[in-house]
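Undergrad: Sequence plus predicted model, see below.
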Amino acid sequence: MSSITLKSVEKWFGTAQVIKGVDLEIAEGEFVIFVGPSGCGKSTLLRMIAGLEETSRGQILIGDRDATSEPPNKRGLAMVFQSYALYPHMSVRDNVGFPLKSAGLPKAEIEAKVNEAAEVLKLDSYLDRRPKDLSGGQRQRVAIGRSIVRDPTAFLFDEPLSNLDAALRVEMRYEIAKLHQTLKSTMIYVTHDQIEAMTLADRIVVLEFGKIAQVGTPRELYERPANLFVAQFIGSPRMNVMPIGAVTGGETPPGGVSLGIRPEHITLTEPGAGNVDGTVDILEYLGADTYVILSCNEAGQITMRVNGAAPCKPGDRVGLAFSETDRHVFDSDGQAVR
């Protein structure tokens, strides 16, 4: 295991700057996830750490060692890609042990390490199968096993679950979470799926146009977003944002221009008795929850979450009351002022 530190790292492709001076410290054994919209630079930043992309400026430290100019095979890192990249003619046993065979390790040592990785990943009964005989989730576990046997200083995951269906994604999220608990290794993980980020990460790094918008625990980002971008990127359904002038009641801090409120922090009232009035447009029933989507004049479209079935129907005119303690206020630059 090892810590990883980025010091003012930049990446340029010709005259285009895609990583714009990122500073980040990842502690030994920490699980950090990079999230952000397509094109924000999250995969590029991961590839720079791996050594697959050259760092244009700045430093990358692995432990106390400056690894900025080291080739990938000298960094001691293991990378798991979106595609499994397994050898179809090899068994699971041979696929997992291939890096060790290439390194010239003795057969007995290779066998011991392969068996240990197979036990951790519950692949014991699949060792003699070939990739075509495995499910997508099992193939991804084989790819992870190939990384485990190298005993890396850190694991790098580049959207490893994006090729799986919804049920397998849930299963593999569990597997990866258990793997981190078992190995206690430093892990850096890239995803566009905020559910993966919220459920797996010790800390999340939200990237916006090559810069860090905010770093924090999932709870910190959800409850105390530093700006409008993070407020609306983290959370599903996303935070409702409206002009402060469209909301009646409540205090407005100096400099506040926009008010944000999450769907679960809104309650239904009689028209005129809350902070905003609106007309129910659509009900999205999900079983335990229902999302109520309303048109609210100057406040725009607002989504609220209620438990179970909603006590209203499309076309109803209702009032919405916002929790006083759960409001978020942003200035004209989109920065949080409360």
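TA: All right, it came through fine. Numbering: from 1, shown residues only.
Undergrad: and Ala231, what does it touch?
TA: By Cβ atoms under 8 Å, 6 or more residues apart in numbering, the contact list for Ala231 reads 225, 238-239, 241, 260, 328, 330, 336. Just so you know, the C-beta spots here come from the backbone N, C-alpha and C atoms, and that holds for glycine as well.
Undergrad: In those residues, find the pair that's most separated.
TA: Farthest-apart pair in those is Arg238 and Ala336; separation 15.6 Å (Cβ to Cβ).
Undergrad: More neighbours: the two, which one.
TA: A direct count of neighbours by other Cβ atoms under 10 Å for Arg238 and Ala336 places Ala336 higher, at 18 against 15.
Undergrad: Burial check on Val276, number of neighbours?
TA: Val276 has 26 neighbouring residues, counting by other Cβ under 10 Å.
Undergrad: and it, what pLDDT?
TA: pLDDT for Val276: 97.
Undergrad: same check, this time on Ala117
TA: Per-residue confidence (pLDDT) for Ala117: 88.
Undergrad: So it versus Leu156, what's the distance?
TA: Using Cβ to Cβ, to the nearest Å, Ala117 is found at 17 Å from Leu156.
Undergrad: which residues touch the most centrally placed residue in the chain?
TA: By Cα atoms, centre = their mean, the mean C-alpha position of the chain lies nearest to Ala197, the distance being 2.9 Å. By Cβ under 8 Å, 6+ apart, the contact set of Ala197 is 33, 35, 189, 191, 204, 218.
Undergrad: And the helices in the stretch 1-150 of the chain, which stretches?
TA: Along the stretch 1-150 of the chain, counting by DSSP state H, counting those that start in this stretch, helices occupy 42-50, 92-102, 107-120, 136-148.
Undergrad: closest to Met79 out of those helices?
TA: Here helix 42-50 is closest among those (Cβ to Cβ), at 5.2 Å.
Undergrad: What is the three-state secondary structure of Pro271?
TA: coil (DSSP: H, G, I helix; E, B strand; the rest coil).
Undergrad: Number the residues from 43 up from this point.
TA: In the new numbering, first residue 43, that becomes Pro313.
Undergrad: Correct me if wrong: it contacts Leu336.
TA: No: at 11.7 Å, Pro313 does not count as touching Leu336 under the criterion of Cβ atoms under 8 Å.
Undergrad: want to throw the contacts of Ala273 into TSV with secondary structure?
TA: Below are the contacts of Ala273 laid out as TSV (three-state DSSP):
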residue	secondary structure
Pro267	coil
Arg280	coil
Met281	coil
Val283	strand
Gly302	strand
His370	strand
Phe372	strand
Ala378	strand
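Undergrad: Sort those by pLDDT and name the bottom one.
TA: Lowest pLDDT among the contacts of Ala273: Arg280, 93.
Undergrad: That'll do, ta.
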